[in-house]
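Novice: A structural model of the following input is requested.
(one chain, ligands or ions: 2)
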Amino acid sequence: MEEYIAKVLISREELAKRVAELGAEITRDYAGKNLLVLGILKGAVPFMSDLIREIRLPLAYDFMALSSYGASTQSSGVVRILKDLERSVEDVHILITEDIVDTGLTLNYLIANLKARNPLSVKVATLLDKAGRRKVEVSPDYNCFSIPDEFVVGYGLDFNEEYRNLPYIGVLKPEAYKSI
Ligand SMILES: O=P(O)(O)OC[C@H]1O[C@H](OP(=O)(O)OP(=O)(O)O)[C@H](O)[C@@H]1O
Ligand SMILES: Nc1nc2[nH]cnc2c(=O)[nH]1
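Specialist: Ligands and ions are numbered 1, 2, ... in the order given. So this is what the prediction gives:
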């Protein structure tokens, strides 16, 4: 797997340090609040799993799985819910966790969908932000790293479902794209 990594963009140590910082910030901001951390499958899993252990507060967590309606409709931002939350959210502050915000279309849809369920609040924590690629205006409340427009893998991010288990964020060699 690692033979196809051209360079490490964010090391394991940098990830751990930044996720711990973010956890401390969230701990301060949500003290005394009923917190639901929401993981968006599948990419957010490693980030969310590390982040919740840096949040020193009582919390619940749940997952949603989303899928865009395919390449042709992606730009419309229409998203299908493949797996929904287990319960109503009227009594909780929702913190969405994402691996990456790219065009912003997924989050734009998700935030509107969740707000319609009348939670106490909806905020977003992302591991990576590719702000240069936005198609809609959406900005995460918490961001670990802003990155340029480069395709990255690892720590939850995949290429063709592979590389999610790399402990760092890396950039693929061109050969990787030919290997499938
Ligand atoms: O800002 P956007 O352009 O909407 O892109 C961001 C979304 O795309 C990725 O999910 P993906 O559909 O690849 O699913 P995955 O998490 O299962 O890999 C990522 O996890 C975000 O949910
Ligand atoms: N794996 C992966 N998915 C993405 N979705 C949007 N940008 C990226 C990226 O750089 N890597």
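
Novice: Secondary structure class of residue 97, three-state.
Specialist: Under DSSP: H, G, I helix; E, B strand; the rest coil, the three-state class of residue 97 is strand.

Novice: Now the closest residue in space to it that isn't next to it in sequence: which helix or strand?
Specialist: On the basis of CB to CB, 6 or more residues apart in numbering, the spatially nearest residue to residue 97 that is not a chain neighbour turns out to be residue 48, at 4.3 Å. (Each C-beta comes from the backbone N, C-alpha and C, glycine too.) Taking DSSP states H and E as the criterion, residue 48 maps to helix 45-52.

Novice: Kindly report the residues of the chain close to ligand 1.
Specialist: 40-43, 98-106, 158 (CB under 6 Å from any ligand atom).

Novice: redo that, cut-off 8 Å
Specialist: For the chain, the contact set with ligand 1 under CB under 8 Å from any ligand atom comprises 40-44, 65-68, 74, 77, 98-108, 130, 133-135, 138, 156-158, 161, 164.

Novice: ok, residues contacting stretch 102-118?
Specialist: 38, 40, 64, 66, 68, 74-75, 77-79, 81, 88-90, 94, 96, 98, 101, 122, 124, 130, 133-138, 140 (CB atoms under 8 Å, 6 or more residues apart in numbering).

Novice: Return the set of buried residues in the helix or strand bottoming out on mean pLDDT in the chain.
Specialist: Across the helices and strands of the chain, the lowest-confidence element by mean pLDDT, DSSP states H and E is helix 174-178, at a mean of 87. Neighbour-count burial for helix 174-178, counted by 16 or more other CB atoms under 10 Å, picks out residue 176.

Novice: any bit of that helix sitting next to ligand 2?
Specialist: No. Using CB under 8 Å from any ligand atom, helix 174-178 never reaches ligand 2; the gap is at least 11.6 Å.

Novice: How far off centre is that helix?
Specialist: 25 Å (CA atoms, centre = their mean, to the nearest Å).

Novice: circling back to that earlier point, which of the residues of the chain next to ligand 1 fall in strands?
Specialist: 40, 41, 65, 66, 67, 68, 98, 99, 100, 101 (DSSP state E).

Novice: Packing partners of the helix of greatest length in the chain?
Specialist: When the chain is parsed with DSSP state H, its longest helix is helix 12-29. For helix 12-29, the packing partners by 3 or more CB pairs under 8 Å, 6 or more residues apart in numbering; DSSP states H and E come out as helix 45-52, strand 121-129, strand 142-146.
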